[in-house]
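Undergrad: Show me the folded form of this:
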Amino acid sequence: MLCCLGLVAGFAVGSALGGPWALIAPVAGLGLGLIGDLALIKHGLHGIHKNAEQWIRTRQSELRREELKEV
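TA: Numbering: from 1, shown residues only. Have a look, this model is predicted:
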């Protein structure tokens, strides 16, 4: 999503500046937006993985407690 915003902003800046910036600015905006997207995805996936591990540990401890109560 950020790569699309960067591309649009690059087109706006490139058209305002003119000349070679009409080609350079959209590519730069797309590149920076892509880097931002990848950073957000990496951070988000790390958080999901971390939460999943915590949920598994909690569930395992709950199951152990139930087994001990039954015995």
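
Undergrad: Mind telling me what element Ala39 is part of?
TA: Secondary structure assignment for Ala39, by DSSP states H and E: helix 21-70.

Undergrad: what packs against that helix?
TA: On a contact count with 3 or more CB pairs under 8 Å, 6 or more residues apart in numbering; DSSP states H and E, helix 21-70 meets helix 2-17. Any C-beta I mention is one placed from the backbone N, CA and C, and that applies to glycine too.

Undergrad: Can you pull out the low-pLDDT segments for this protein?
TA: Scanning the chain for pLDDT under 70 picks out 45-50, 71.

Undergrad: got the angle for the helix holding Ala39 vs helix 2-17?
TA: Relative orientation of helix 21-70 versus helix 2-17 (axes from the mean of the first three to the mean of the last three CA atoms, to 10 degrees): 160 degrees.

Undergrad: I'd like to know how far the spatially closest residue to Leu5 that is not a sequence neighbour sits from Pro26.
TA: In space, Leu5 comes closest to Gly33 once its chain neighbours are excluded; the distance is 5.9 Å by CB to CB, 6 or more residues apart in numbering. Taking CB to CB, to the nearest Å as the measure, Gly33 falls 10 Å from Pro26.

Undergrad: Report the set of residues contacting both of these two.
TA: Leu7 (CB atoms under 8 Å, 6 or more residues apart in numbering).

Undergrad: which residues touch stretch 3-15?
TA: With CB under 8 Å, 6+ apart, stretch 3-15 has contacts from 21-34, 36-37.

Undergrad: Dump it to CSV, keeping only the CA atoms.
TA: Extracted as CSV, the C-alpha positions of stretch 3-15 are listed here (Å, rounded to 0.1, in the frame of the first residue of the first chain):
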residue,chain,number,x,y,z
CYS,A,3,4.4,1.6,-2.6
CYS,A,4,1.3,2.8,-4.3
LEU,A,5,1.3,6.0,-2.3
GLY,A,6,5.0,6.5,-3.0
LEU,A,7,4.4,6.1,-6.7
VAL,A,8,1.5,8.6,-6.8
ALA,A,9,3.5,11.1,-4.7
GLY,A,10,6.5,10.5,-7.0
PHE,A,11,4.4,11.3,-10.1
ALA,A,12,3.1,14.5,-8.4
VAL,A,13,6.6,15.6,-7.5
GLY,A,14,8.0,14.6,-10.9
SER,A,15,5.4,16.5,-12.8
